[in-house]
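Participant: Next comes the sequence, and after it the predicted model I'd like to discuss.
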Amino acid sequence: MSEEWKKVAAPASISNLGPGFDVFGMALEEPYDLVCARRCDEGVSVVSMEGLGSEGLPSDPSENSAAIAAAEVLRRCDADFGIELRIMKGIRPCSGIGSSGASAAGGAYVANLLCGGILGETELVLCAAYAEEVTSGGLHADNVAPSLLGGFTMIRSYAPLEVVKVAPPQNLGVTVVMPDVEVSTKEARQVLPSEVPVRDLVFHVGNASCLVHAMMTGDLDLLGRSVKDAVFEPARAHLVPHLNDAKDAARSHGAKAAFLGGSGPCVISFFDRSMMDGSGIAAAVRDVYLENGIDCQTWITSPGAGCREV
Ligand code: HSE
C-alpha cells in the first residue's frame, strides 16, 4: 500500500522567553522545517533528510524526532499502517529555536493527517513532547506546543498536560541571530541547578505574570522588562560565547528585550515593528559575532502560525 505524500510546514519556536523555563513558547513565522509523509504497509521510516544540519541527524526511527512523534501518533490512533517520512530541515539542529521540536511537531501533525485527524491538539503535543523527551533527555513541551498550535503558548501543567494559547501583539517583531556554535539541549540541561532559592522563584513569578499580561495587552515595554531569567540563562551563559555583549548590542540598538533562545545559542531580540524594522538590531548582534571570528545567520521575523499543510 502506498499513497500520495502530504507535506507540512513546522515552524521554529522560541522557548523560555526569560522567566518561563519549560513553560513559555512562541512560534515564529520563519524559519521552518518541511515534513512529508505517506502511508506504507508497516513501521515508521525516514526515507530522506536534507537541508540545514541534516547530515548530523539520525535516520534511525527510534532516534529521529519526527519519526518518534509520528510513531507515537500511530500507536495512539491504533493505526493498521506505517509511515514513510521525508524531512527538509530549514532549522539547524542545536540552534535554540526548537529544531528538534519543529521536526517532532511536524512528524506528529502529518501522521495525524494520515490518520484522519483523530487526535486533538493536546494529544498531539504529548506525542511530540515524547519525542523531545527521548532526544533531549528531558520532558519539555515548550517548543512543540507553539510549533503545533502557533502563537504564544504556556504549559500550565505537564501532568495532566494543559496548554493555554494567547495571540501575541501584532507589532511584536523578533530578530534571531544564530552564531555558528552548536549547543545541544541535552548538554544545556545538564548544567542546570536542581533547586532554586525562594528569591529567584519570587523574581520569576513576578516577571512571568507580567510577561503574560504584556502579551495579552500588547504592552511591549512591560514585555521587554519582563523577559528576565535569574536562574537558567545565567547557568548556561558559559556555553554561548559573547552572549552578554550580543544582548547589550541588541538593547543599545532599540531592542525591547534580548535573551537566549531556549537552550541556545540563538540570541533573540524583541522590537516594536511599528517603530523600526529590526535590521539595525540584527546587524549589531551579528557584528559582535563577526568581530570575534564567529559567522552567523540572522532572521528578522515575527510570531507565527503553527503546523499547517502546504
Ligand atoms: N525549555 C527547554 C530548555 C527548551 O531550555 O532546555 C529547549 O529548547
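Facilitator: All right, it came through fine. Values in this document were obtained by computation on a predicted structure and should not be read as measured data. Numbering: from 1, shown residues only.

Participant: Around Gly293, how many other residues sit close by?
Facilitator: Gly293: 8 surrounding residues under other Cβ atoms under 10 Å. No exception for glycine: its C-beta is placed from N, CA and C like everyone else's.

Participant: from now on call the first residue 32
Facilitator: Will do, 32 is the new start, and the previous item becomes Gly324.

Participant: Mind checking what secondary structure it has?
Facilitator: Following DSSP: H, G, I helix; E, B strand; the rest coil, we place Gly324 in the coil state.

Participant: now it: how far from Asp279?
Facilitator: From Gly324 over to Asp279 the distance is 19 Å, taken as Cβ to Cβ, to the nearest Å.

Participant: What pLDDT does the model give Gly168?
Facilitator: At Gly168, the pLDDT value in this model is 79.

Participant: Would you list the phi and psi of it?
Facilitator: phi 80, psi 10 (degrees, to the nearest 10).

Participant: Might one say that it is in contact with Leu223?
Facilitator: No. Using Cβ atoms under 8 Å, Gly168 is not in contact with Leu223; the gap is 11.5 Å.

Participant: now the strands: where do they sit in the protein?
Facilitator: 37-47, 51-71, 75-82, 113-120, 183-189, 192-197, 203-210, 288-291, 298-303, 327-332, 339-340 (DSSP state E).

Participant: Endpoints of stretch 168-177, how far apart?
Facilitator: Its start and end residues considered, stretch 168-177 measures 20 Å (Cα to Cα, to the nearest Å).

Participant: repeat for stretch 118-129
Facilitator: From its first residue to its last, stretch 118-129 covers 15 Å (Cα to Cα).

Participant: Same question for stretch 322-338.
Facilitator: In stretch 322-338, first residue to last residue: 37 Å (Cα to Cα).

Participant: contacting residues around whatever residue of the stretch 232-341 of the chain ends up closest to the ligand?
Facilitator: Using Cβ to the nearest ligand atom, the closest approach of the stretch 232-341 of the chain to the ligand is made by Gly293 at 3.2 Å. Residues in contact with Gly293, defined by Cβ atoms under 8 Å, 6 or more residues apart in numbering, are 45-47, 127-129, 173-174, 216.

Participant: Ranking by neighbours, what's the top pick from the residues you listed?
Facilitator: Asn174 (35 neighbours).

Participant: Next up, the contacts around that residue.
Facilitator: By Cβ under 8 Å, 6+ apart, Asn174 lies in contact with 44, 46, 56, 129, 131-133, 136, 163, 293.

Participant: Ala288: how many residues sit nearby?
Facilitator: By other Cβ under 10 Å, the residues close to Ala288 number 22.

Participant: Specify the beta-bridge partners of it.
Facilitator: For Ala288, the beta-bridge partners under DSSP bridges are Phe301.

Participant: Look at it and report its pLDDT.
Facilitator: So Ala288 comes in at 98 (pLDDT).

Participant: Please determine how far it is located from Gly181.
Facilitator: Going from Ala288 to Gly181 by Cβ to Cβ gives 21 Å.

Participant: can you check Arg117 too?
Facilitator: On the measure of Cβ to Cβ, Arg117 and Gly181 end up 23 Å apart.
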